[in-house]
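Undergrad: Whatever this is, show me its structure:
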Amino acid sequence: MGGNPNIPGGEHHPCLVIGRNINIEERNGRLIVAYGTGTTKDKTRGQLDLIISGSAVQEHHLAKPTRFDLATVNRLDVPWSEEWFSTPRSQPAIVISQLNDAAMVRLKEIRAWRKTNNRTD
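TA: You can find the predicted model right below:
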C-alpha cells in the first residue's frame, strides 16, 4: 500500500486485511485494512496493536519488524484495486501472506481486549 495511508501511491507499506465488503452483483469489492509500519512502539502500542517481531518477520514475508495499527481511526476501507494495491518498484510482485497461528491468536486476543475495554485508539 502506498505512503500516506489515506491516498494511493507513494512509498509502499504492508497492510493487514481485517475485513472485506464484496458486492457480487456489481463485481467489485473493498478491503478494510490495518496499516503496517516499521515504527513498532512496543512499549506504548504492544497491547493495542499487532506487532510482528524480528523472529517472525521472514515467515510473514515482511522486510522488518512491523506493527499493524488497529486503531479504529487508522483503519482504511479502500477499493480492492491496483490503484491501492500496486507492485512496489523494489520487488517484482505483491506478496500475499497469512498470519501464522501465534499471530492469529494474538490478533484475536488484542481485538477482544480492545472491545472489552472500549479501546478505539
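
Undergrad: can you tell me how far the closest residue in space to Leu107 that isn't next to it in sequence sits from Ser86?
TA: Spatial nearest neighbour of Leu107, excluding adjacent residues (Cβ to Cβ, 6 or more residues apart in numbering): Leu50 at 5.1 Å. C-beta coordinates here come from the backbone N, C-alpha and C atoms, glycine included. Per Cβ to Cβ, to the nearest Å, Leu50 is found 23 Å from Ser86.

Undergrad: higher neighbour count, the two?
TA: Leu50 (23 against 15; other Cβ atoms under 10 Å).

Undergrad: Might one say that that one is in contact with Leu62?
TA: No - between Leu50 and Leu62 there is no contact under Cβ atoms under 8 Å: 11.8 Å.

Undergrad: And the strands in the protein, which stretches?
TA: 15-23, 28-37, 50-52, 66-68, 76-79 (DSSP state E).

Undergrad: Cool, thanks, talk later.
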